[in-house]
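1. the following comprises the amino acid sequence and a computationally predicted model.
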There are 2 protein chains.
Amino acid sequence: MPHADTVQAIRWENKQLQLLDQRLLPHKTVYLEFDGVVVVAEAIRDMVVRGAPAIGITAAYGVVLAARARFAESSANWKALIEADLQTLAQSRPTAVNLFWAIECMREVITGLQGDPEPALLAEAKKIHSNDIAACRCMGERGAALIEQPCAILTHCNAGALATGGYGTALGVVRAGFSAGKITHVYADETRPWMQGARLTAWEMVQENIPVTLQVEGAAAHLMQQGKIDWVIVGSDRIAANGDVANKIGTYGLAILARYHGVKFMVVAPTSTVDMNIVCGEDIPIEQRSADEVLSLAGQSTAAAGATAWNPAFDVTPVALVDAIVTERDVVLAPNKEKMAAMMENI
Amino acid sequence: MPHADTVQAIRWENKQLQLLDQRLLPHKTVYLEFDGVVVVAEAIRDMVVRGAPAIGITAAYGVVLAARARFAESSANWKALIEADLQTLAQSRPTAVNLFWAIECMREVITGLQGDPEPALLAEAKKIHSNDIAACRCMGERGAALIEQPCAILTHCNAGALATGGYGTALGVVRAGFSAGKITHVYADETRPWMQGARLTAWEMVQENIPVTLQVEGAAAHLMQQGKIDWVIVGSDRIAANGDVANKIGTYGLAILARYHGVKFMVVAPTSTVDMNIVCGEDIPIEQRSADEVLSLAGQSTAAAGATAWNPAFDVTPVALVDAIVTERDVVLAPNKEKMAAMMENI
């Protein structure tokens, strides 16, 4: 079992995949068990698990479950049969490239397999999981090192242990920076419509006694105007080859506000989030989710009957607004296409 | 009874003040009745009624109720006794200057009164109410005239009929602009934490068949990036002598995003919102409200236990980010201190 000191969103127990149902947090801590790939894809789509690295890891374990079933169905023909399952997983959500990256990792292993595929595929899934935790710890150290003096930071959505194999990307930097005395306070956007900031980021911070203050997204500019923060630190769902960053809706606005106020803007993501096949951010597919997510909260209608809503789940921040992209391989300051290419070739 | 074609937040019926309980909208339409000044002040504080012009009108009627009670208590000494009531009203909320403006209007009438004060004070309150509706209609025409071609606009919070005597400030421009074919679609920020956009603005628009789409605040930058809107149109709670604008938290960020994207930014407010005694926005008192408003919604806790929240109700947009201030007296383009002074002297 890959080990993380922090809360685990994803577990492999008794030959099954267990996912912490993040829709119920912070009020209930419930692990759901999955024994087949179709329900795993549904769990990704329905946000039982979310966060780009966590989605990738979940998909990898989903492939293990798929291979078990397909090999039982036909030990001779399972490699052809499993293609439909890989498609099912790939269609669960469109923006986080870690999903497709993880499926490709698993497909490469499948290609070379003979006999029962489960042991080798489980080993690969666990490796993806372990590597992600290690990457988060590495990024945490690298990101924290960029912070010159003790300060408060602002984060958006949840790029924490819950969004990854463990430890977190943006919140990995927070964890490392807090330990090192570099980060003294975390301001967290509550992050409508899913409230990942209020429900998940605040929960992670409270558990580790890291001082956290929630605010509505509308208060971010006022916070910066008062000089309360030095850095905005966020994760990413996909980074284009030129360094443009897709992340939770609201991130792009924060980047503009940060630049306007002279606040630095850091993106923290493993290289599995970098999509060198996408030239620039305009080409990143942006998921549109149901209007109901905006029109209601916790099952209660909040909006006037007859009103409609626009609910893009992500936006794209142009690389020119990003001061640093931190991956497990390197820190890219003032990123651009050439620096991103150099970082990705630096294996 | 002052007449408005639109929904009425404030009514004077059977010698009592009636307020539409805006906390229950859009699900329930309930008018609460008030027969004393203390409960009126509580209603303002607790957001039964909100919106700077509506708060001012409510306070004026509150003074009528106070005068009735104080005159009954002591026909000789009521003018001294009522000062405590004026203080109670003035302490209900700190940012909207219309509150203090309306109290001053009523105090001036009180000074010259002899005998039963109720008829003259009720006439003054009704005049304040009627004048506000007339001002809204005038601002609606002036603001709509600034829009050169049919376009979609973005608004924040609710600066509508519900926030005024009727018709609205920013939504007055929307009503006039929609009638004139200048405004084709309204995007409305849902406006956390009180959801005035989702609950009130969408409700007003749906009732009049003006196309409205809700979005989370975080989506505003993405909306502008896609070129979907030409104007941001908002109201104000207080405008300083130099043109700096206090308005609902989130407005300042929108102004920065608008400027970044080449979107025009219009503030619509009656001259009762302009405070010539405040030199610049830094001196405007910003109300801090309870953290609970951020940590819960509709009585349900939404955040992790142990988390705290920062809940400023307003922010200040520097005048340099404002393209037009529209009042019932004039349109001030590229506003500054000198132009504001000229507009305010132009009676």
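-> The structure has been received and is ready for your questions.
2. all contacts plus neighbour counts: C-alpha atoms, from now on.
-> Fine.
3. whichever residue of the stretch 51-200 of chain A sits closest to chain B - how many residues pack around it?
-> Taking CA to the nearest CA as the measure, the point where the stretch 51-200 of chain A comes nearest chain B is A:A198, at 4.5 Å. By other CA atoms under 10 Å in any protein chain shown, the residues close to A:A198 number 34.
4. for stretch A:268-282, what is the distance to the chain centroid?
-> Once both centres are worked out by CA atoms, centre = their mean, to the nearest Å, stretch A:268-282 turns out to sit 13 Å from its chain's centre.
5. what ranges in chain A fall below the confidence cut-off?
-> A:1-4, A:346-347 (pLDDT under 70).
6. biggest strand in it by residues?
-> Longest strand in chain A, counting residues (DSSP state E): strand A:183-189.
7. can you tell me the SS state at the residue located most distally from the centre of chain A?
-> When distances are taken from the C-alpha mean of chain A, A:A76 lies farthest, 36.4 Å away, according to CA atoms, centre = their mean. Per DSSP: H, G, I helix; E, B strand; the rest coil, the secondary structure class of A:A76 is coil.
8. give me the contacts around the helix or strand A:V38 falls within.
-> Assigned by DSSP states H and E, A:V38 belongs to helix A:37-45. Residues from elsewhere that reach helix A:37-45 (CA atoms under 8 Å, 6 or more residues apart in numbering or on different chains): A:34, A:49-50, A:55, A:58-59, A:62-63, A:65-66, A:85, A:88-89, A:91-93.
9. for the stretch 1-150 of chain A, what lies in contact range of chain B?
-> Contact residues (CA under 8 Å from any CA of the partner chain) of the stretch 1-150 of chain A with chain B: A:25-27.
10. what's the PyMOL line that selects buried ones from those?
-> Here is the PyMOL command that selects the buried residues among the residues of the stretch 1-150 of chain A next to chain B (16 or more other CA atoms under 10 Å in any protein chain shown):
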select buried, chain A and resi 25+26
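11. out of the residues of the stretch 1-150 of chain A next to chain B, who's nearest chain B?
-> A:P26 (5.3 Å).
12. pretty sure the closest one is touching B:A303, no?
-> Yes. Using CA atoms under 8 Å, A:P26 makes contact with B:A303 at a distance of 7.0 Å.
13. helix/strand/coil for A:M343?
-> Using three-state DSSP, the structure places A:M343 in helix.
14. sorry, wrong one. I was asking about A:A258.
-> Once three-state DSSP is applied, A:A258 turns out helix.
15. contacts only, for it.
-> A:A258 neighbours (CA under 8 Å, 6+ apart): A:224, A:231-232, A:264-265.
16. go with 10 Å
-> A:154, A:220-221, A:224-225, A:229-232, A:252, A:264-265, A:321-322 (CA atoms under 10 Å, 6 or more residues apart in numbering or on different chains).
17. which of these fall within strands?
-> Using DSSP E, the contacts of A:A258 in strands are A:154, A:231-232, A:264-265.
18. filter those residues down to the ones close to chain B.
-> Among those, no residue is within reach of chain B (CA under 10 Å from any CA of the partner chain).
19. domain parsing for chain A?
-> A:10-134, A:139-344 (automatic domain parsing).
20. for B:V173, find the nearest of the ones you listed.
-> Among the domains of chain A, the nearest to B:V173 by CA to CA is domain A:139-344 (19.8 Å).
21. span of that closest one from start to end?
-> This stretch, domain A:139-344, spans 15 Å end to end (CA to CA, to the nearest Å).
22. try stretch A:213-229
-> Start-to-end, stretch A:213-229 (CA to CA) is 12 Å.
23. can you give me how far that stretch is from the chain middle?
-> Distance, stretch centre to chain centre, for stretch A:213-229: 23 Å (CA atoms, centre = their mean).
24. all helices of the stretch 201-347 of chain A, in order?
-> Secondary structure of the stretch 201-347 of chain A (DSSP state H, counting those that start in this stretch): helices at A:202-207, A:220-225, A:251-261, A:292-295, A:337-345.
25. okay, those in JSON lines with distance to B:R11 next?
-> Converted to JSON lines, the helices of the stretch 201-347 of chain A look like this (distance: least, CA to CA, whole Å):
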{"stretch": "helix A:202-207", "distance to B:R11": "43"}
{"stretch": "helix A:220-225", "distance to B:R11": "35"}
{"stretch": "helix A:251-261", "distance to B:R11": "40"}
{"stretch": "helix A:292-295", "distance to B:R11": "30"}
{"stretch": "helix A:337-345", "distance to B:R11": "62"}
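26. which of those sits closest to B:G281?
-> Between B:G281 and these, the tightest spacing by CA to CA is seen for helix A:220-225, at 12.3 Å.
27. for the closest one, list the C-alpha coordinates in CSV.
-> Extracted C-alpha coordinates of helix A:220-225, given in CSV (Å, rounded to 0.1, in the frame of the first residue of the first chain):
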residue,chain,number,x,y,z
ALA,A,220,-10.0,37.7,-3.0
ALA,A,221,-9.3,41.1,-4.6
HIS,A,222,-10.1,43.0,-1.3
LEU,A,223,-7.7,40.6,0.5
MET,A,224,-4.9,41.4,-2.0
GLN,A,225,-5.7,45.1,-1.9
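28. contacting residues around that helix?
-> The contact list for helix A:220-225 (CA under 10 Å, 6+ apart) reads A:153-156, A:187-189, A:215, A:219, A:227-232, A:253-254, A:256-258, A:260-263, B:249-256, B:310, B:312, B:314-317.
29. can you put the residues of the stretch 1-150 of chain A next to chain B in JSON lines and add secondary structure?
-> Shown next, in JSON lines, are those (three-state DSSP):
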{"residue": "A:L25", "secondary structure": "coil"}
{"residue": "A:P26", "secondary structure": "coil"}
{"residue": "A:H27", "secondary structure": "coil"}
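30. export the residues of the stretch 1-150 of chain A next to chain B to CSV and append columns for distance to A:S130.
-> CSV is the format used below for these (distance: CA to CA, whole Å):
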residue, distance to A:S130
A:L25, 24
A:P26, 25
A:H27, 28
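31. can you give me the helices in the stretch 51-200 of chain A?
-> Using DSSP H, counting those that start in this stretch, the helices of the stretch 51-200 of chain A run over residues A:52-73, A:78-90, A:97-111, A:118-146, A:170-179, A:196.
32. re the thing from before, of the contacts of helix A:37-45, select the buried ones using a PyMOL command.
-> A single PyMOL command selects the buried members of those (16+ other CA under 10 Å):
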select buried, chain A and resi 34+49+50+55+58+59+62+63+65+66+85+89+92+93
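33. let me know the closest of the contacts of helix A:37-45 to B:L17.
-> Checking the contacts of helix A:37-45 against B:L17 by CA to CA gives A:R50 as the nearest, at 50.4 Å.
34. what residues does the closest residue to that closest one other than its chain neighbours make contact with?
-> Spatial nearest neighbour of A:R50, excluding adjacent residues (CA to CA, 6 or more residues apart in numbering or on different chains): A:A163 at 5.9 Å. A:A163 makes contacts with A:8-10, A:22, A:49-55, A:157, A:169-171, A:200-201, A:235, as judged by CA under 10 Å, 6+ apart.
35. pretty sure A:Q196 is touching A:A188, no?
-> Yes. With contact defined as CA atoms under 10 Å, A:Q196 and A:A188 form a contacting pair (9.5 Å).
36. touching both of these two, which residues are there?
-> Residues touching both A:Q196 and A:A188 (CA under 10 Å, 6+ apart): A:156-158, A:202.
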